[in-house]
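A.B. asks: could you work out the structure for the sequence below:
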Amino acid sequence: MARTKRSATLEYWSQRQKLDLGRDHTETLATGRYLIYYRPANGAAGSWVARIYDPTTRKMRRGVLGVADDFLAAEGIKILTYAQATTKAEAWFKDQEHHALRIAGGEVPHDGPYTVADAMRDYHAYLVKEGAGSATNVQNTIDAHILPAFGDEEVAKLTRKRIEDWHVKLAATGRRKSVKRGAEPEHHDAPKDPEQIRQRKDTANRILTSLKAALNMAMEQGRVHGMAPWREVKAFADVGKSRVRFLDQAEVQALVAVCADLEFQALLIGALASGARYGELSRCLVKDFDKKAKTLYILRGKNGKPRHIKLAPESLPWFTRFVKDRDGEEPLFKHTGVARDSREDAEDWLPYDQVARMRKLCVAAGIKPLGFHELRHTYASGLVNAGMPLIYVAAQLGHSDTRMVERYYGHLAPTALGDAVDTYTPKLGIFGKKKGPAGA
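C.D. replies: Alright, predicted model coming up:
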């Protein structure tokens, strides 16, 4: 453990009282790094100042750290002991070094206190740069839940209790209602039954995750130093696993059969055949179907990474007919005849185009209402039930490992394993009805 730095002239109040008034008293902490104690000419409490030499500009930079504990007890924030001033100076030196590195790399450094709003802006910019499919949803979360609560607060002044209180309040508040753009937000009633409470806690956890990710990135990039209280805030336990709905074969056939909208029917078939997300399918082009490779290419998944989905032999003739004589650059799944106010391209599926259609379709098919995403669950559960190894299921769905697959479909795996053992275990012919050895 590193030894605490000592000072023969600045460490104690009694020593500092012997120093000359109205001048700086400098102590070298390291090469080019200095801690200054300034004692005012009127004999009032002195102040701590950090100073660093910039070899690039050949100039000194100063930063005020706080007031010395000459007459009042130190609390470690504004009134500092010598040791606390030294620690705060070291943090300031690191911040100045990162500041210089960002300038050298062509980055425009942040001016003034670094707030939560700054951190969220930088985090969203990173997601967009990486091509993350979640960037839009994260921005909506930021705007609706994080900025109203913390936007103007300095990251360095956040406390664990402040974040925990906000997290609990999120879970206790009802879902936001859909209102006109620019209108004041409204909420449904607070959750009451166990499933509603679980859902709200799950939502609060996801919002907390976005806040933590942004603040952790800010610290990793050197924009924030010191304590990280948000890391101590725990998510609600055992609330993320909901009961996942799977359609059986009869329900799948009924859903497709009653769909009179051929464009939406094609989208349903595409989801059931590939397990791709709604947003992924809406971005597919005709050329993304490869008949020879028997794959559907997903250019950008939820994690921003591409993948090739291997298609089952049963679906290949349908895809082949579906793309015949079509331009490779046009959307694979079109949505035509719809007036768009917000974008020029009127031949693609937008985020909420499917919601009402799915609701009406379930009623027409006589099945319990479900969302479009349950088609993905249906596809995945079919693979697991057929005995496909979970790592292959994860690859088809676009997950980097099996954690999400185990979370939602792990309970199906034992049954699939048992069926696979019954089917594939070789017959050895050694288990006759003859009497076995003693103790067998």
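A.B. asks: so how far is stretch 55-69 off the chain centroid?
C.D. replies: With C-alpha atoms, centre = their mean, to the nearest Å as the basis, stretch 55-69 stands 37 Å off its chain's centre.
A.B. asks: show me where this protein has strands.
C.D. replies: Secondary structure of the chain, counting by DSSP state E: strands at 23-30, 33-39, 47-54, 59-68, 79-80, 289-290, 295-298, 307-310.
A.B. asks: next, the buried residues of the lengthiest helix in the chain.
C.D. replies: Using DSSP state H, we find that the single longest helix of the chain is helix 194-220. Across helix 194-220, burial judged by 16 or more other C-beta atoms under 10 Å covers 197-208, 210-219. Where C-beta positions appear, they are placed from N, C-alpha and C, glycine not excepted.
A.B. asks: so what secondary structure elements neighbour it?
C.D. replies: With contacts taken as 3 or more C-beta pairs under 8 Å, 6 or more residues apart in numbering; DSSP states H and E, helix 194-220 sits against helix 116-129, helix 135-141, helix 160-172.
A.B. asks: among those, which gets the worst mean confidence?
C.D. replies: When the helices and strands packed on helix 194-220 are compared on mean pLDDT, helix 135-141 scores lowest, with a mean of 87.
A.B. asks: ok now do the closest residue to residue 128 other than its chain neighbours, which residues does it touch?
C.D. replies: Distances taken as C-beta to C-beta, 6 or more residues apart in numbering place residue 135 nearest to residue 128, at 5.0 Å, with adjacent residues excluded. Counting by C-beta atoms under 8 Å, 6 or more residues apart in numbering, residue 135 touches 124, 127-128.
A.B. asks: just the buried residues of the residues you listed.
C.D. replies: By 16+ other C-beta under 10 Å, these give 124, 127 as buried.
A.B. asks: any chance of the contacts of residue 135 in TSV, with distance to residue 335 too?
C.D. replies: Below are the contacts of residue 135 laid out as TSV (distance: C-beta to C-beta, whole Å):
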residue	distance to residue 335
124	28
127	26
128	25
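A.B. asks: name the nearest of the contacts of residue 135 relative to residue 390.
C.D. replies: residue 127 (27.7 Å; C-beta to C-beta).
A.B. asks: surely that closest one meets residue 136?
C.D. replies: No - counting by C-beta atoms under 8 Å, residue 136 is not a contact partner of residue 127; they are 9.1 Å apart.
A.B. asks: quick revisit: tell me how far the longest helix of the chain is from the chain's mean position?
C.D. replies: The answer for helix 194-220 is 8 Å, by C-alpha atoms, centre = their mean.
A.B. asks: quick one, it and helix 116-129 angle?
C.D. replies: 90 degrees (axes from the mean of the first three to the mean of the last three C-alpha atoms, to 10 degrees).
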